[in-house]
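>>> Turn this into a model:
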Amino acid sequence: MKVYCPYCKKEVEYKIEKRDLKEFRGIEVNTFENVAICNECNQDLYVNKIEDVNNERIYQIYREKANIIKAEDIIKLRKKYDISQRELTSILGFGKMTINRYERGGLPTKSQSDYIKLLIENEDEFIEKVKEAYENNNITEKTYKKIVAEGQEENIGKKRVQENIRRYLKEVLNRKPDIYNGYKSLDLEKVENIISYIASKVKNLTITSLNKYLWYIDMLSFNKRAVAITGLTYQNQKFGPTIVYKKYDELSLLDDKYQREDIETENGNTTKIISNENFNLDKINDSEKEIIDTIIKLLKNKNVTDISEMSHREDGWKKTKRFEQISFEYAMNLKLIK
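Modelled structure (predicted):
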């Protein structure tokens, strides 16, 4: 196949040379590129199909290494607010065809990529950018209202979902004080703050371990004060004491004080709890705080398997049948503190 050579000023045959490419845009990529070489003058030639293949390979490696935003993420942002490429470009203050180019596979600069990702991850920042674009007459009033209304509706929807989860948990988990909740009425707000506090102190806090932390906290509290802290009820499950009816799953969906992260491991899927670092301990007195910190200190360096095995040695688990609720009477013989 022949291509035009600007040096020979005619159509020429070419050969392909493979060259190492160690760096691209300041990032180490350690790949290669194919280069067309004129058979007559040995100068480098530009051949569209060869460069397209080179760019596809290099861009893919660079995207992964530099954590560059993907085209589908930009498209998802537009679809979320039902806006065009031109509208998004106007909001961001980019060149006219920039978003079009990125969605077709063009490579953003690292700074532009980070900027778009920031706006995707932080809805408040994006809405502020929309307001700024409207005030500067870069977008129409119709576009502005459409985006702001969508954002408000989504926030209202999220708030409603959270309220429904809290209402459901209170209906299912609340009971009159008795030996199965440590003679303590459920205080869901207190539970959320305790979970956030634990997650702030414990790295890689899984939902399985969290059940044991809460159970041990309430058991130690009953041991020392004859009353639990949270008002939760626990039952015997395969991996140790857990919140009754497995409502720890719904509890993990409350996102005001912490977030849940579902991850894949070699042993299957697991859920981690990550603190938002905004816990409020005003409703927790000094003796309760001391108990919580004691359990954290005793368990924080143990893995999930160790913690489960420790709970299996407790009378509360050993002397209760599977799925039965665990009485707080067993707190009087708590092996963890012996």
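
>>> Touching, Q43 and K9? I think so.
No: under the criterion of CB atoms under 8 Å, Q43 is not in contact with K9, lying 11.7 Å apart. Quick note: C-beta positions are derived from backbone N, CA and C, even for glycine.

>>> Between these two, tell me which one has more neighbours.
A side-by-side neighbour count of Q43 and K9, using other CB atoms under 10 Å, places Q43 first with 14 against 8.

>>> Counting by contacts, list what the lowest-mean-pLDDT helix or strand in the chain packs against.
Using mean pLDDT, DSSP states H and E, the weakest-scoring helix or strand in the chain turns out to be helix 141-173, at a mean of 78. Packed against helix 141-173, as judged by 3 or more CB pairs under 8 Å, 6 or more residues apart in numbering; DSSP states H and E, are the following elements: helix 71-81, helix 123-135, helix 188-201, helix 248-253.

>>> Could you identify the helix or strand that succeeds the third one?
What it means is helix 188-201. helix 207-225 (DSSP states H and E).

>>> could you check the angle helix 188-201 makes with that next one?
Helix 207-225 and helix 188-201 are oriented at 110 degrees to each other (axes from the mean of the first three to the mean of the last three CA atoms, to 10 degrees).

>>> What helices and strands are in contact with helix 207-225?
Short answer (3+ CB pairs under 8 Å, 6+ apart): helix 207-225 packs on helix 188-201, strand 234-237, strand 240-243, helix 248-253, strand 268-275, helix 286-299, helix 304-312.

>>> I'd like to know which of these is closest to I69.
Nearest to I69 among the helices and strands packed on helix 207-225 is strand 268-275; the distance by CB to CB comes to 22.7 Å.

>>> buried stuff in the closest one?
By 16 or more other CB atoms under 10 Å, the buried positions in strand 268-275 come out as T270, T271, K272, I273, S275.

>>> Next up, the contacts around K18.
F32, E33, N34, V35 (CB atoms under 8 Å, 6 or more residues apart in numbering).

>>> same thing with N333?
N333 touches D315, counting by CB under 8 Å, 6+ apart.

>>> got it, and G182?
Each residue near G182 by CB under 8 Å, 6+ apart is listed here: D218, M219, S221, F222, V227, A228, I229, G231, F328, A331.

>>> Include mean neighbour count when you put the helices and strands packed on helix 141-173 into a markdown table, please.
A markdown table is the format used below for those (neighbours: other CB atoms under 10 Å):
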| stretch | mean neighbour count |
| --- | --- |
| helix 71-81 | 15 |
| helix 123-135 | 16 |
| helix 188-201 | 20 |
| helix 248-253 | 17 |
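
>>> closest one to Y168 among those?
Per CB to CB, nearest to Y168 of the helices and strands packed on helix 141-173: helix 248-253, 6.7 Å.

>>> would you put the C-alpha positions of the closest one in CSV?
Only the C-alpha atoms of helix 248-253 are listed here, as CSV (Å, rounded to 0.1, in the frame of the first residue of the first chain):
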residue,chain,number,x,y,z
TYR,A,248,-27.7,-5.2,59.9
ASP,A,249,-28.1,-5.1,56.1
GLU,A,250,-30.8,-2.4,56.2
LEU,A,251,-28.8,-0.6,59.0
SER,A,252,-25.8,-0.5,56.7
LEU,A,253,-27.8,1.4,54.1
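
>>> Pull out the buried positions in stretch 324-338.
Across stretch 324-338, burial judged by 16+ other CB under 10 Å covers Q325, I326, S327, F328, Y330, A331, L334, L336.

>>> now the end-to-end length of it.
26 Å (CA to CA, to the nearest Å).

>>> can you check stretch 274-293 too?
Stretch 274-293 has an end-to-end distance of 18 Å (CA to CA).

>>> How about residues contacting it?
Counting by CB under 8 Å, 6+ apart, 187, 189-190, 193-194, 196-200, 205, 217, 220-221, 224-225, 229, 255-261 sit against stretch 274-293.
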